[in-house]
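In: here's my sequence, what's the structure:
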Amino acid sequence: MPAIPYSIRRSDRARRARVTVSPERGVEVVLPRGAAEREADSAVVELRPWIERRLRALDSAREATRTPPGTVPYLGTVLELVPEAGRTRAHRRDGRLLVPAGEPGPAIERWYRRAARAEIPTRVQRAAEAVGARCGPIAIRGQRTRWGSCSPSGALSFNWRLLLAPEAVLDYVVWHEVCHLKVLDHSPRFWSLVAAHCPQHRDHSRWLSRHGSALAL
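Out: Got it, this is the predicted structure:
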């Protein structure tokens, strides 16, 4: 049986070996600062069935969200990447995304973050008006495991990677968090409010559960 490749990351906050599987880092073992490297190997051997299931799920999600080479997804559409020598900042022009030649990844991510700051607050304001709520500050973040959040004070946070998903999925997350402005828990009253404004919310939630791990550049 072939060994599973993995990387090791040290953390002062780790108390024991912890294994994660992500599209950006693959299989990663987080070890306490002073732990022996053999603890990482033991953790991977012990969790092999779980790791293999996660890798298969990630491969399936990647296949379902894959776009043609030289393109990136954007709210259910595809943008063609056009490298330009001397360019330092990504810029959208119709169905094309003009990007720096060479290593455009950081510029592309910065463009998505800017696009999220333009796209998401407008949708949040419309949704808040529809439910009769007032929202606080809106933050755009790059969380690894969370798509959105709503604080007790009404501050909302959204993951810029939602722009890599279909538009209806982004709108579902917006409705989900905006409805928390009225009902902060996940009670039947909350889900009734979500369903009133986003009738297919279960479909969109399942899509995120199945494919969200592959929403990465």
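
In: quick one, what contacts the residue positioned nearest the centre of the chain?
Out: Closest to where the C-alpha atoms of the chain average out (C-alpha atoms, centre = their mean) is residue 161, at 4.3 Å. If a contact means C-beta atoms under 8 Å, 6 or more residues apart in numbering, then residue 161 has 112, 142, 147, 215, 216 as its contacts. For the C-beta atoms, the positions are set from N, CA and C on the backbone; glycine is no exception.

In: correct me if wrong: the second one contacts residue 159.
Out: Yes: with contact defined as C-beta atoms under 8 Å, residue 142 counts as touching residue 159 (6.6 Å).

In: which one of those two has more residues nearby?
Out: Neighbours were counted for residue 142 and for residue 159 using other C-beta atoms under 10 Å; residue 159 has more, 24 against 11.

In: give the contact list for that one.
Out: Contacts of residue 159 were listed using C-beta under 8 Å, 6+ apart, and they are 140, 141, 142, 143, 146, 147, 148.

In: coming back round to it: helix, strand, or coil at the residue nearest to the centre of the chain?
Out: helix (DSSP: H, G, I helix; E, B strand; the rest coil).

In: confidence score at it?
Out: Among the per-residue scores, residue 161 holds a pLDDT of 95.

In: for this protein, what spans make up the helices?
Out: All helices of the chain, identified by DSSP state H, fall at 38-46, 48-65, 105-131, 167-180, 188-197, 201-211.

In: circling back: from the contacts of residue 161, which single one is nearest residue 20?
Out: residue 216 (13.7 Å; C-beta to C-beta).

In: surely the closest one and residue 25 touch.
Out: No: assessed by C-beta under 8 Å, residue 216 is found out of contact with residue 25, at 10.1 Å.

In: report the buried residues of the least confident helix or strand in the chain by mean pLDDT.
Out: Ranked by mean pLDDT, DSSP states H and E, the weakest helix or strand in the chain is helix 48-65, scoring a mean of 85. For helix 48-65, burial by neighbour count (16 or more other C-beta atoms under 10 Å) applies to 51, 54, 57, 58, 61, 65.

In: what residues are up against residue 111?
Out: 89, 90, 91, 92, 97, 99.

In: mind doing that once more with 6 Å?
Out: residue 90 (C-beta atoms under 6 Å, 6 or more residues apart in numbering).

In: any idea how far residue 88 is from it?
Out: From residue 111 across to residue 88, the span is 12 Å (C-beta to C-beta, to the nearest Å).

In: out of the helices of the chain, which comes closest to residue 83?
Out: helix 105-131 (10.4 Å).

In: can you point out the buried residues in the closest one?
Out: Buried residues in helix 105-131, counted by 16+ other C-beta under 10 Å: 107-109, 111-112, 114-116, 119-121, 123-124, 127-128, 131.

In: list the contacts of the closest residue to residue 164 other than its chain neighbours.
Out: Counting by C-beta to C-beta, 6 or more residues apart in numbering, the nearest residue to residue 164 once its immediate chain neighbours are dropped is residue 215, at 4.3 Å. Contacts for residue 215 were tallied using C-beta under 6 Å, 6+ apart; they are 161, 164, 165.

In: please redo it, this time with the cut-off set to 7 Å
Out: Listed by C-beta atoms under 7 Å, 6 or more residues apart in numbering, the contact set of residue 215 reads 65, 161, 164, 165.
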